[in-house]
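Student: Here you go, sequence then predicted model.
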Amino acid sequence: MTKAEIVNEISNNTGIDKVAVMQVVESFMDEVKKSLASQENVYLRGFGSFVVKQRAEKVARNISKNVTITIPAHIIPSFKPAKTFIESVKK
């Protein structure tokens, strides 16, 4: 499902104009990005958590060039679904 399809579904279910729904969805995504960029986790009860994870430095190999490279420590965003969310998907 794409963002446009989500906006259409929300608009159809609520009767709110698609432009307004698109602004709300865009604002939500911007706020989640800002929070994660400032190393703050976002918790949505019943849905899941957007969290920041720290990855340690590691050594890897470039097989095509047969070279060992070092990947520096870095931070990545991650999503962890809530237990209720997981159970609803399993059914």
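Tutor: Good, I have the coordinates.

Student: what helix or strand does the residue nearest the centre of the chain sit in?
Tutor: In the chain, the C-alpha nearest the mean C-alpha coordinate belongs to F79, at 5.4 Å (C-alpha atoms, centre = their mean). In this assignment (DSSP states H and E), F79 forms part of strand 74-81.

Student: tell me the mean pLDDT over the very next helix or strand once past that strand?
Tutor: As assigned by DSSP H and E, the chain's next helix or strand after strand 74-81 is helix 83-90. Taken as a whole, helix 83-90 carries a mean pLDDT of 94.

Student: Show the residue spans covered by the helices in the chain.
Tutor: 3-14, 18-37, 83-90 (DSSP state H).

Student: Make CSV from the ones you listed and add distance to N66 and mean neighbour count to it.
Tutor: For every residue, glycine as well, the C-beta is placed using N, CA and C. What follows is those, written out as CSV (distance: least, C-beta to C-beta, whole Å; neighbours: other C-beta atoms under 10 Å):
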stretch, distance to N66, mean neighbour count
helix 3-14, 42, 13
helix 18-37, 36, 13
helix 83-90, 42, 10
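
Student: want to throw those helices into TSV with distance to A60?
Tutor: Listed next are those as TSV, based on distance: least, C-beta to C-beta, whole Å:
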stretch	distance to A60
helix 3-14	33
helix 18-37	25
helix 83-90	31
